[in-house]
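[1] let me see the structure of the following:
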Amino acid sequence: MTIKFACAPIAWTNDDLPELGKENTFEQCISEMALAGYQGTEVGNKYPRDPEVLKSYLEPRNLEVASAWFSAFLTTKPYEETKKAFIEHRDFLHAMGAKVIVVAEQGHSIQGQMDTPVFSKKPTFTDEEWDRLACGLNKLGELALEKGMKIVYHHHMGTGVQTTAEVEKLMEMTDPEKVFLLYDTGHLVFSGEDPIAFYKKFSKRIKHIHFKDIRAEKQKQSKEEEWSFLKSVFQGTFTVPSDGCIDFETIIDMILEDGYEGWIVVEAEQDPALANPFLYHKKAKNFMDMLITNKLIAKK
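    Residues are numbered from 1 along each chain as shown. Purely as a prediction, here's the structure:
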């Protein structure tokens, strides 16, 4: 198959909220991913950063590295600072065999602020900041291409690139041969966007996918009660595919019809004490396998 499935470790140990899952070890995390039937993993803070050491843990479990998050500060700091950190990150992922690098602009981001409402205090960029972001991403894209890799931009709640309109502006301002897109179902629906229309609009730029579901009542509460992004996570706004309100059957049908090739990463930041990561991710894998198998059988 041209689609492979991975897990993000954030369900076992949350990098933004270290108290969530602090008791879960790296070894438990990757062992349960493999046991749940996944082929890959993204990289969390507990993962070894020496490629040979990390490979020694992943290879016996038949796991690959799909990608890893990179925080850019192109709107608020000199480009050279982001460039230096990016090259180190790129070289690590290249050594692990990854083909894409997840990039998210963190200049002015409120996603890590516990008391800042994620909707009413969402940051926006000035024209100058948009120019700096687009120019910087084009340069990072060139650096990725040096290693035969691609950057995929992660639209994200609580940042300056969250909505469909903001993603469209970024895609128009960047080189389509250098800057690609990550498609994240959970962040789109949380923000109030249409994930199906979004995929259709940007499918040619999408080179990496995150699947997470949304509990609609929690999303509504987050907006009405002005929760922060972190409080929204604490309260269980995100969950795995098949456990929320998103129409994944239509989305998977679109992805297959489009001929998407690459990783689909299940990423559902929840409190692991309340939502057992292994059981939830096994449930998601069974659900996706059933949908995709049924689609492939129907085609025959």
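[2] report the beta-bridge partners for His208.
    Note on His208: beta-bridge partners by DSSP bridges are Leu182.
[3] that one contacts Val152, doesn't it?
    Yes - using CB atoms under 8 Å, His208 is in contact with Val152, at 4.2 Å. From N, CA and C alone the C-beta is placed, and that goes for glycine too.
[4] biggest helix in this structure by residues?
    With secondary structure taken from DSSP state H, the chain has its longest helix at helix 277-299.
[5] could you check that helix and say which residues are buried?
    Applying a neighbour-count criterion of 16 or more other CB atoms under 10 Å, one finds 277-278, 280-285, 287-288, 291-292 buried in helix 277-299.
[6] same for that helix, what does it pack against?
    Here helix 277-299 touches strand 3-7, helix 26-35, helix 248-258, strand 262-266, going by 3 or more CB pairs under 8 Å, 6 or more residues apart in numbering; DSSP states H and E.
[7] make CSV out of these and add distance to Phe125 and mean neighbour count.
    CSV is the format used below for the helices and strands packed on helix 277-299 (distance: least, CB to CB, whole Å; neighbours: other CB atoms under 10 Å):
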stretch, distance to Phe125, mean neighbour count
strand 3-7, 31, 22
helix 26-35, 35, 19
helix 248-258, 29, 17
strand 262-266, 27, 23
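[8] with mean pLDDT and distance to Asp127 added, can I get the ones you listed in JSON lines?
    Shown next, in JSON lines, are the helices and strands packed on helix 277-299 (pLDDT from 0 to 100; distance: least, CB to CB, whole Å):
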{"stretch": "strand 3-7", "mean pLDDT": "96", "distance to Asp127": "37"}
{"stretch": "helix 26-35", "mean pLDDT": "98", "distance to Asp127": "42"}
{"stretch": "helix 248-258", "mean pLDDT": "94", "distance to Asp127": "33"}
{"stretch": "strand 262-266", "mean pLDDT": "97", "distance to Asp127": "33"}
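[9] out of the ones you listed, flag the one nearest Trp69.
    Counting by CB to CB, Trp69 lies closest to strand 262-266 out of these; the figure is 10.9 Å.
[10] hmm, back to that, what sits in contact with each of His208 and Val152?
    67, 100, 102, 180-182 (CB atoms under 8 Å, 6 or more residues apart in numbering).
[11] which of these are buried?
    Judged by 16+ other CB under 10 Å, buried ones among the shared contacts of His208 and Val152: 67, 100, 102, 180-182.
[12] pull the most distant pair out of those residues.
    Ser67 and Leu181 (13.1 Å).
[13] overlap of the contact sets of those two?
    Joint contacts of Ser67 and Leu181 (CB under 8 Å, 6+ apart) are 152, 208.
[14] still on that earlier bit, out of the shared contacts of His208 and Val152, the closest to Lys83 would be?
    Among those, and counting by CB to CB, the member closest to Lys83 is Val102, at 16.9 Å.
[15] how far away is the closest one from His210?
    9 Å (CB to CB, to the nearest Å).
[16] cool, Lys83 as well?
    25 Å.
[17] more neighbours: those two, which one.
    The neighbour count for Lys83 versus His210, taken as other CB atoms under 10 Å, is higher for His210 (24 against 16).
[18] how about that one, secondary structure?
    strand (DSSP: H, G, I helix; E, B strand; the rest coil).
[19] contacting residues for the residue most central in space within the chain?
    Geometric centre of the chain, nearest residue: His210, 4.8 Å, by CA atoms, centre = their mean. Neighbouring residues of His210 by CB under 8 Å, 6+ apart: 8, 154, 182-187, 264-267.
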